[in-house]
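Colleague: Sequence first, then the predicted structure:
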Amino acid sequence: MRQRREYHIVVLGAGGVGKSCLTAQFVQNVWIESYDPTIEDSYRKQIEVDVRAICLDLTLQEQSNLPRCGQGFLLVFSITSLSSLNELAELREQIIRIRDDENVPLVIVGNKSDLEEDRAVTRARAFSVSQHWGNAPYYETSARRRANVDEVFVDLCRQIIRKDITAAQAGEQEAYSRRRERPIRHGRRRRREKQRCNIL
Amino acid sequence: MSSVDGRSARQSKRYSVTALYLSMSANERDMEIEDDLAKAQKTLRDLKTKISAQSKKNFVLEKDVRYLDSRIALLIQNRMALEEQNEVANHLDDAADVQEGSFPNDEKTQRYGNLLFLLQSEPRHIAHLCRLVTMAEIDSLLQTVMFTIYGNQYESREEHLLLTMFQSVLTWQFDNTPEYSSLLRANTPVSRMMTTYTRRGPGQSYLKVVLAERINSLIELKDLDLEINPLKVYERMIAQIEEDTGSLPATLPKGVTAEQAAENEQVQAIIEPRLTMLVEIANSFLTTIIDNLEETPYGIRWICKQIRSLSRRKYPDAQDQVICTLIGGFFFLRFINPAIVTPRSYMLVDGTPAEYPRRTLTLIAKMLQNLANKPSYAKEPYMAKLQPFIHQNKERANRFLNDLCEVQDFYETLELDNYVALSKKDLELSITLNEVYATHSLLEKHSAELAKDENSHLNVLLQELGPAPAQLPRKENKAISLPLFSKWETAIDDLTAALDITQEEVFFMEAKSTFVQIMRSLPSNSVVMRRPLRLEKVADAAATLRNDAVMVRKGIRAMELLSQLQELKVIDRADSFSLLRDEVEQELVHLGSLKEKVIDETKKLDEVYRTIRDHNGYLVGQLETYKSYLHNVRSQSEGKQRKQQKHQVLGPYKFTHQQLEKEGVIQKSNVPDNRRANIYFNFTSPLPGTFVISLHYKGRNRGLLELDLKLDDLLEMQKENQEDLDLEYVQFNVPKVLALLNKRFARKKGW
């Protein structure tokens, strides 16, 4: 059997935009009706993207304060709340700053597309945000109707895979030279290569 | 708003009169008495002032540390341009205490005094502003609102005004949130404000009293793994098997699904006892929280009450369960659970909890949240195993959430407090110039919305003030004491008329209060202290006291009042003034227990004050570390051009194993107990920013182990939340090492 790849995705966004609903629909095909704020949840799902077997780990937090771990990010807002879109800007900035990477895989998700009558964010507006953010893909989803749910996760996986391949080809050289630029350290402290993911 | 039945109306009026009388006489300094109660009350008052001031300082420091937290990572990665380094340095250099000062001219003082009086006494303006500002603007506004304009956390008028503001903000949110599921969820300036509110003195002291002990005892159990997510349990299990035996049996493949992991019998066997323990722990948390209903700060309970009444109004058909969910959406989600999940940022514990306890705390928080919500278990199926906990406790949790809401309103006292505030001439606000200017510019920016009506008071004041001045550099920022007064003087010639009190009542209150004061000042073994009291004798005893002019005046006044009340036929000499006498006696009994209460409260607040001072020390230390590091980086880049300066070697400083263990620097030791006494460490700093830690065994010349450390390595570890520094025989705790180095090696200019 071919080695299954493991990816870690973090779902971010303001409270109440439907991060849990979206994820639960994707992973478990269920619709959560109740008022149930998340403290911290994790999920796993095995999927196949372009004949690659992928094992996805997903993390959700109500106070999404530390987006340092994870290879890809879903930035979720609700189309019924402009402020929920505005909040994403700061989150994206944090991700990019910590990752030191303008092209970190991410997807912008406008959830609650079934609530068209309460729409407060026009498509045009969301698209312009996505353009400003290096043409990050923008999707409108409805967790309630299960519309576009799989698509956002698959798109994110594709981006991560693409990045993986490029990194495998050219990345090693670059990573090596970047490490060299850093001041040489003495001492025997072992450097932990694998970035640990701590949730504060 | 408030429900007024006959009884409570009478009671609150009685209360009002007492309060009014007390606040009026509070101004008469020379009439003050000095018994134990008065002293205890003064201590308590001073303590409250100190807590308010310290909370504000910490808030400002936290802002600085947050700012630097976000910058220091860049600096470590050498990705900060020189200009930005300079900017950060400027930010730091001036972080010292703000100097006292005043406005450039009196006219400004007066106009800003008018503006801030309006903002303080009419909370709707700030409530409105909170809805308009962006997340980026909220921090400075919050600082001004929570810690300055309504900064006296224990003063009823400011507290009540702040709560009124919350009410207005909450009402708006309920009216403007389309879906029930989004209520109280969004991360808006409003929710930030509510969170900040829960972290002021009273909320902090509640968390400390109620939760700190429980959390700490959990954290001590570093190796207690209570993970119940089958996937995680499975993975840890096979990792262990692989480590022990070197291989994995075919029956235990890697990368299984959640369902497969949950079906594994070994996994089930591991999880089973953990469920029992989790339920036990969660139960103990819940019981503590419920038992401490009366400790819950009034303001937090009052906000719960507002949420309940707003929900009932908006969803008249909603069941009790739904409403409890929303109350829990504030009480648990915004107040209790953040403190359980990240106890360190709430000053409840000293260090960041280790991995297992941290996960246990998260699980406890999830269980408590599930109690308040109606979980579907669709999210994480394994949580369904904890359903018995929910079933057993649902009812008492709902009852508790409803009990939380059972507090009195304050509108009548607030109205009264406002009258008193208006009549006082000495209303003052301690505020910095930059706070004033920042508030002014926010008002200006949103004036189109805030002051739609040209003739509104706010608009008139803004027009008079003109454009808002820019923020001053930190060095020029001054703390001022701004006298507040209304531009539109409300004439309150006759407070009694405004409050609908008769002259008789005023006399009666004064008489009662005067007698109580006399009784408190007379020695307790005096003959006139015997019950039943004979009021005339008491007055006489005071009036004839030698060497005490104040008491003599009180005695004479008491006599006058007795005869006036007699003339008005309020009391009767024939029954020894029983009406007044009984009330005075009651009051004295009440005061006796009051003293106990005051002393009790002082004890609790002492604890709070100590905690926030400790936290202050931590914040200052953190800033110092950053400062030194930054200085070091900058002097290095400058130093390249110049000749290498000669630096003095600092140290070695010697520490014993025991010392470091006690201070928490050693968090884990593999040294056998009987050898520990022979182990010591030397800390040396050969160059600024570089340290050598060596481990020695008594009697041997050479150290067993030497470790070179750079400050930026340590900072980076701290950033990445790596808390262990491995020295083979012992494990150091990174933040504690930083604190130690900070204390020992802080050179005047960098390390």
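Modeller: Right, received. Where do you want to start?
Colleague: Tell me where chain A has helices.
Modeller: Counting by DSSP state H, chain A has helices at residues A:19-28, A:82-99, A:123-132, A:149-166, A:172-181.
Colleague: now, of those helices, which is deepest in the fold?
Modeller: helix A:19-28 (a mean of 24; mean count of other C-beta atoms under 10 Å in any protein chain shown). C-betas here are computed from N, CA, C, even on glycine.
Colleague: list the helices and strands it packs on?
Modeller: Contacts defined by 3 or more C-beta pairs under 8 Å, 6 or more residues apart in numbering or on different chains; DSSP states H and E place helix A:19-28 against strand A:5-13, strand A:40-49, strand A:52-61, strand A:72-78, strand A:106-111, helix A:149-166.
Colleague: Could you point out which of these sits nearest B:Asn674?
Modeller: strand A:40-49 (42.7 Å; C-beta to C-beta).
Colleague: List of residues touching stretch B:102-119?
Modeller: Stretch B:102-119 is touched from outside by B:125-126, B:149, B:427, B:429, B:431, B:433, B:436, B:439-440, B:457-458, B:461-462, B:464-465, B:478, B:480, B:482-487, with contacts defined as C-beta atoms under 8 Å, 6 or more residues apart in numbering or on different chains.
Colleague: Least confident of the helices and strands packed on helix A:19-28, on average?
Modeller: Lowest mean pLDDT within those: strand A:52-61, at a mean of 83.
Colleague: rewinding a little: which of the contacts of stretch B:102-119 are buried?
Modeller: Among the contacts of stretch B:102-119, those scoring as buried are B:125-126, B:149, B:427, B:429, B:431, B:433, B:436, B:439-440, B:457-458, B:461-462, B:465, B:478, B:480, B:482-485 (criterion: 16 or more other C-beta atoms under 10 Å in any protein chain shown).
Colleague: quick one: which of these sit in helices?
Modeller: When these are checked against helices (DSSP H), the matches are B:125-126, B:433, B:436, B:439-440, B:457-458, B:461-462, B:465.
Colleague: With pLDDT and distance to B:Asp175 as extra columns, can I get the residues you listed in TSV?
Modeller: Converted to TSV, these look like this (pLDDT from 0 to 100; distance: C-beta to C-beta, whole Å):
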residue	pLDDT	distance to B:Asp175
B:His125	89	18
B:Ile126	88	18
B:Leu433	88	37
B:Val436	91	32
B:Thr439	92	26
B:His440	93	29
B:His457	87	25
B:Leu458	90	22
B:Leu461	91	28
B:Leu462	91	27
B:Leu465	89	32
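Colleague: For the residue nearest in space to the middle of chain A, which non-adjacent residue is spatially closest?
Modeller: For chain A, A:Phe73 is the residue whose C-alpha lies nearest the centre (C-alpha atoms, centre = their mean; 1.3 Å). What sits nearest to A:Phe73 in space, not counting adjacent residues and going by C-beta to C-beta, 6 or more residues apart in numbering or on different chains, is A:Leu106, at 4.3 Å.
Colleague: residues contacting that neighbour?
Modeller: Taking C-beta under 8 Å, 6+ apart, we find A:Leu106 in contact with A:72-75, A:92, A:95, A:133, A:136, A:156, A:159.
Colleague: can you rerun that using 10 Å?
Modeller: Contact partners of A:Leu106, counting by C-beta atoms under 10 Å, 6 or more residues apart in numbering or on different chains, are A:9-10, A:12, A:72-75, A:88, A:91-92, A:95-96, A:133-134, A:136-137, A:155-156, A:159.
Colleague: Repeat that for B:Val210.
Modeller: By C-beta under 10 Å, 6+ apart, the contact set of B:Val210 is B:285, B:288-289, B:291-292, B:295-296, B:336, B:339, B:348.
Colleague: same check, this time on B:Thr656
Modeller: Taking C-beta under 10 Å, 6+ apart, we find B:Thr656 in contact with B:662, B:676-681, B:698.
Colleague: cool, and B:Gly555?
Modeller: Here B:Gly555 is in contact with B:514, B:518, B:538-545, B:548 (criterion: C-beta under 10 Å, 6+ apart).
Colleague: Nearest to chain A among those residues?
Modeller: Of all the contacts of B:Gly555, chain A sits closest to B:Thr514, with 55.2 Å by C-beta to the nearest C-beta.
Colleague: returning to what we had before: which ones among the contacts of B:Thr656 are found in helices?
Modeller: Members of these lying in helices (criterion: DSSP H): B:Lys662.
Colleague: shaky segments in the stretch 651-751 of chain B?
Modeller: B:719-721, B:746-751 (pLDDT under 70).
Colleague: In it, which residue sits nearest chain A?
Modeller: Residue of the stretch 651-751 of chain B nearest chain A, by C-beta to the nearest C-beta: B:Asp708 (3.7 Å).
Colleague: B:Glu435 - how many residues pack around it?
Modeller: B:Glu435: 26 surrounding residues under other C-beta atoms under 10 Å in any protein chain shown.
Colleague: now the residue of chain A found nearest chain B, nearest residue through space, not along the chain?
Modeller: Going by C-beta to the nearest C-beta, chain B is nearest to A:Gly16 of chain A, at 3.0 Å. Setting aside the residues directly before and after it, A:Gly16 is nearest to B:Arg185 in space (C-beta to C-beta, 6+ apart), at 3.0 Å.
Colleague: Does that neighbour fall in a helix, a strand, or a coil region?
Modeller: coil (DSSP: H, G, I helix; E, B strand; the rest coil).
Colleague: For it, list the residues it contacts.
Modeller: Residues near B:Arg185 by C-beta under 10 Å, 6+ apart: A:14-17, A:35, A:37, A:62, A:84, B:177, B:179, B:191, B:329, B:333.
Colleague: rerun that using 8 Å as the cut-off
Modeller: Contact analysis of B:Arg185 by C-beta under 8 Å, 6+ apart lists A:14-16, A:37, B:191, B:329.
Colleague: average model confidence for whatever helix or strand B:Glu259 lives in?
Modeller: Element membership for B:Glu259 (DSSP states H and E) is helix B:258-263. Mean per-residue pLDDT for helix B:258-263: 88.
Colleague: what do you get for stretch B:51-67?
Modeller: Mean pLDDT, computed over stretch B:51-67, is 77.
Colleague: Okay, buried residues for it please.
Modeller: Taking 16+ other C-beta under 10 Å as the criterion, stretch B:51-67 shows B:51-52, B:54-62, B:64-65 as buried.
Colleague: which residues sit against that stretch?
Modeller: B:91-92, B:95, B:139, B:143, B:146-148, B:151-154, B:200-201, B:605, B:608-609, B:612-613, B:615-616, B:619-620, B:622-623, B:626.
Colleague: and those residues near chain A, which?
Modeller: Among the contacts of stretch B:51-67, no residue sits close to chain A (C-beta under 8 Å from any C-beta of the partner chain).
Colleague: Tell me which of those fall in helices.
Modeller: Using DSSP H, the members of the contacts of stretch B:51-67 that fall within helices are B:91-92, B:139, B:143, B:201, B:605, B:608-609, B:612-613, B:615-616, B:619-620, B:622-623, B:626.
Colleague: From these, list the buried ones, please.
Modeller: Among those, those classed as buried by neighbour count (16+ other C-beta under 10 Å) are B:92, B:139, B:143, B:201, B:605, B:608-609, B:612, B:615-616, B:619-620, B:622-623, B:626.
Colleague: if you look at stretch B:318-325, does any of it touch chain A?
Modeller: Yes. Residues of stretch B:318-325 contacting chain A under C-beta under 8 Å from any C-beta: B:322, B:325.
Colleague: buried stuff in that stretch?
Modeller: For stretch B:318-325, by 16+ other C-beta under 10 Å, it's B:322-325.
Colleague: again with stretch B:394-413
Modeller: Under the neighbour-count criterion of 16+ other C-beta under 10 Å, stretch B:394-413 has B:394, B:397-398, B:400-405, B:407, B:409-410, B:412-413 buried.
Colleague: now those in JSON lines, with secondary structure and distance to chain A?
Modeller: Output for the buried residues of stretch B:394-413, formatted as JSON lines (DSSP: H, G, I helix; E, B strand; the rest coil; distance: C-beta to the nearest C-beta, whole Å):
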{"residue": "B:Lys394", "secondary structure": "helix", "distance to chain A": "14"}
{"residue": "B:Ala397", "secondary structure": "helix", "distance to chain A": "15"}
{"residue": "B:Asn398", "secondary structure": "helix", "distance to chain A": "14"}
{"residue": "B:Phe400", "secondary structure": "helix", "distance to chain A": "18"}
{"residue": "B:Leu401", "secondary structure": "helix", "distance to chain A": "14"}
{"residue": "B:Asn402", "secondary structure": "helix", "distance to chain A": "17"}
{"residue": "B:Asp403", "secondary structure": "helix", "distance to chain A": "21"}
{"residue": "B:Leu404", "secondary structure": "helix", "distance to chain A": "18"}
{"residue": "B:Cys405", "secondary structure": "coil", "distance to chain A": "18"}
{"residue": "B:Val407", "secondary structure": "coil", "distance to chain A": "24"}
{"residue": "B:Asp409", "secondary structure": "coil", "distance to chain A": "27"}
{"residue": "B:Phe410", "secondary structure": "coil", "distance to chain A": "29"}
{"residue": "B:Glu412", "secondary structure": "helix", "distance to chain A": "35"}
{"residue": "B:Thr413", "secondary structure": "helix", "distance to chain A": "34"}
